[in-house]
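> no sequence for this one, just the structure:
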């Protein structure tokens, strides 16, 4: 082969190599393959266990199945009306879920000499609905950074503010819905956040209430790894207390 022929072949090999590699792209969060959504009864078995670490306990609500053939909510953007805390944003973003299950849990000692309360919600979706629900929450917070809450004319103004923060490194993707309620007269603000983790076609949501101090709210959110382990397990810990 002549020198010019060798240079031609080498050039073609280099061009093919460049074309195959393409330009650098940003790393993308992997999305788990869509799974068949769990029913409400199935979701309930994956809630936080009745007996939790540190003396905390959880009470699962009865499963409420959606009638067969009843679709989820229409795929219309949720509105700012009715938003109060992180859980309300999660509720609005999961309106198209196929099923859900709920539990309340408590333990420790609050500043008011009671126990510290928390809540858990599980949602299941068809297809990539769980991933889309997270995006709906982000979009909703983007439109509803500040919301004036309903009140009587003689009552002081109360505003709720919302933001989205990075979630824990759990599941397939996650986020934290930060929510604060501010009284117009005093300027005092209380937080009631919700942490959301996607595991396949399901979402796990743990939320706190407005009356908690930050350490108390942190104690509530510390149970997210256990909640994710429950939804991932083929043999979750029992959600009903032994008789």
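The structure has been received and is ready for your questions. Note that the structure is a prediction, hence the values are computed from the model and not measured. Residues are numbered from 1 along each chain as shown.
> going forward, measure contacts and count neighbours with C-alpha atoms only.
OK.
> dihedrals phi and psi, the spatially closest residue to residue 124 that is not a sequence neighbour?
Leaving aside its sequence neighbours, residue 124 sits nearest to residue 202 (C-alpha to C-alpha, 6 or more residues apart in numbering; 4.3 Å). Backbone torsions of residue 202, given as degrees, to the nearest 10, read phi -120, psi 160.
> also residue 162?
phi -130, psi 150.
> if we can go back for a sec, residue contacts, the residue nearest to residue 124?
By C-alpha atoms under 8 Å, 6 or more residues apart in numbering, the residues touching residue 202 are 37, 122-125, 130.
> from these, which has minimum pLDDT?
On pLDDT alone, residue 37 ranks lowest of the contacts of residue 202, at 90.
> at the geometric centre of this structure, which residue sits there?
Geometric centre of the chain, nearest residue: residue 196, 1.8 Å, by C-alpha atoms, centre = their mean.
> and it, backbone torsions?
Residue 196 has phi and psi values of phi -120, psi 130 when expressed as degrees, to the nearest 10.
> is the closest residue to it other than its chain neighbours bridged to anything, and to what?
Nearest residue to residue 196 in three dimensions, chain neighbours excluded: residue 205, at 4.6 Å (C-alpha to C-alpha, 6+ apart). With DSSP bridges as the criterion, residue 205 is bridged to residue 121, residue 196.
> wait, residue 205 sits on residue 124?
No: the pair residue 205 / residue 124 is not scored as a contact, 11.6 Å apart, by C-alpha atoms under 8 Å.
> surely the residue nearest to the centre of the chain is in contact with residue 174?
Yes: applying C-alpha under 8 Å, one finds residue 196 in contact with residue 174, separated by 5.5 Å.
> which residues are in contact with both of these two?
In contact with both residue 196 and residue 174: residue 167, using C-alpha under 8 Å, 6+ apart.
> direction included, what does the biggest strand by length in the chain pair up with?
Longest strand in the chain, counting residues (DSSP state E): strand 173-183. Here strand 173-183 is paired, per DSSP bridges, with strand 158-166 (antiparallel), strand 189-191 (antiparallel), strand 194-199 (antiparallel).
> just send those back as JSON lines, with distance to residue 138 too.
Listed next are those as JSON lines, based on distance: least, C-alpha to C-alpha, whole Å:
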{"stretch": "strand 158-166", "distance to residue 138": "7"}
{"stretch": "strand 189-191", "distance to residue 138": "18"}
{"stretch": "strand 194-199", "distance to residue 138": "11"}
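> tell me the most buried of these?
Of all the strands paired with strand 173-183, strand 194-199 has the most neighbours on average by mean count of other C-alpha atoms under 10 Å, namely a mean of 26.
> what about the protein, any weak spots by pLDDT?
1-35, 66-76, 152-156, 184-185, 243 (pLDDT under 70).
> strands - which of the contacts of residue 202 land there?
122-124.
> who wins for neighbours among the residues you listed?
residue 124 (29 neighbours; other C-alpha atoms under 10 Å).
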